[in-house]
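S.K.: one predicted model, sequence on top.
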Amino acid sequence: MRTNFRYLGLFAFMALAITACKKDEPEETGPDCSVYHYGTVKINFDLLNGTAPYSLTDQLTDSAGHAVVFDQVRFYVSGIHLADDGGTEVAHFEDKVLLVDAANSSNTYTLGDVNSQHIHMVTFDLGLDSVTNHADPTTAEAPLNDATMHWGWNPAAGYKFLVLEGRVDDDGDGTVDANDPTFVYHVATDALLRSDEVHVHQDLGDCSTLTMMVGVDVAQLAAVTDMLTNNDTHTSNNMDLAIRLMDALVNAIDEE
């Protein structure tokens, strides 16, 4: 028994020594941002009702004056590029795909580290490039693994670039309730990929974080059509409306 206690004491001492050595080891860190002159860039998609913050409970107005309420407002953003005052690309984030969702508490996303400089403009795609659009969602990483944003019953169509769903007032009382009819807009296909740009006009300093603010006026999406009489597009069955919705999304986006 004495021998066993002696070995136990030795093991305890060795364990404490190893723990102490680990505590003394410095934590791994990346390159010094003050030496290599870089900062972090984020992008925030701020959903708005005109100039006010937007909420899914907000009542909006369609092109015919009907009251509407969205249950879902979701769209993909990809192909993000940053440019300087001369239009020269200074950074790109082709590996970043964002799913902007009005149900999120925040739509702020970290893009990555960029050399310290003046950022003049950010450009991005609304939707997905053809290769990504036709990849297998069951093996994809978030947010491309979201089955509700993919045409599961018709995989050749790829992902839904824009989803708008909700209800529209049909009795003229100016209020949307659970008895009012629904509308469903699912916009997809490679041909409807759109590009947009927003001016940033901010400097990224060493070791700082720059959040590029992008406003999205959801009220403009509601005003595209008479949602009572034109209450459905799954793209191919109402291509005209699908095109108008994607173009409206481009127009609804601006810098804050």
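M.R.: That came in fine, so what should we check first? Numbering: from 1, shown residues only.
S.K.: is it true that R167 touches A222?
M.R.: No: with contact defined as C-beta atoms under 8 Å, R167 does not count as touching A222 (11.7 Å). Where you see a C-beta, it was placed from the backbone N, CA and C, and this is true even at glycine.
S.K.: what is in contact with these two at once?
M.R.: V68 (C-beta atoms under 8 Å, 6 or more residues apart in numbering).
S.K.: higher neighbour count, those two?
M.R.: Using other C-beta atoms under 10 Å as the criterion, R167 and A222 rank with A222 on top: 27 against 20.
S.K.: dump the residue contacts of the more buried one.
M.R.: Per C-beta under 8 Å, 6+ apart, neighbours of A222: L60, T61, D62, V68, F70.
S.K.: ok, and the closest non-adjacent residue to it?
M.R.: Nearest non-adjacent residue to A222, counting by C-beta to C-beta, 6 or more residues apart in numbering: L60, 3.8 Å away.
S.K.: and for the one you found, the neighbour number?
M.R.: For L60, using other C-beta under 10 Å, the count is 22.
S.K.: and for L228?
M.R.: Neighbour tally, L228, other C-beta under 10 Å: 17.
S.K.: against S78, how distant is it?
M.R.: According to C-beta to C-beta, to the nearest Å, L228 stands 33 Å off from S78.
S.K.: same question, V216
M.R.: V216 is 16 Å from S78, by C-beta to C-beta.
S.K.: before we move on, what about A219?
M.R.: Separation of A219 from S78 (C-beta to C-beta): 25 Å.
S.K.: looking at those two, which is more packed in?
M.R.: Legend: neighbour count by other C-beta under 10 Å for A219 and S78, higher for S78 (22 against 17).
S.K.: which ones are touching that one?
M.R.: Going by C-beta under 8 Å, 6+ apart, the list of residues near S78 reads E94, K96, V97, L98, F124, D125, G127, L128, D129, T132.
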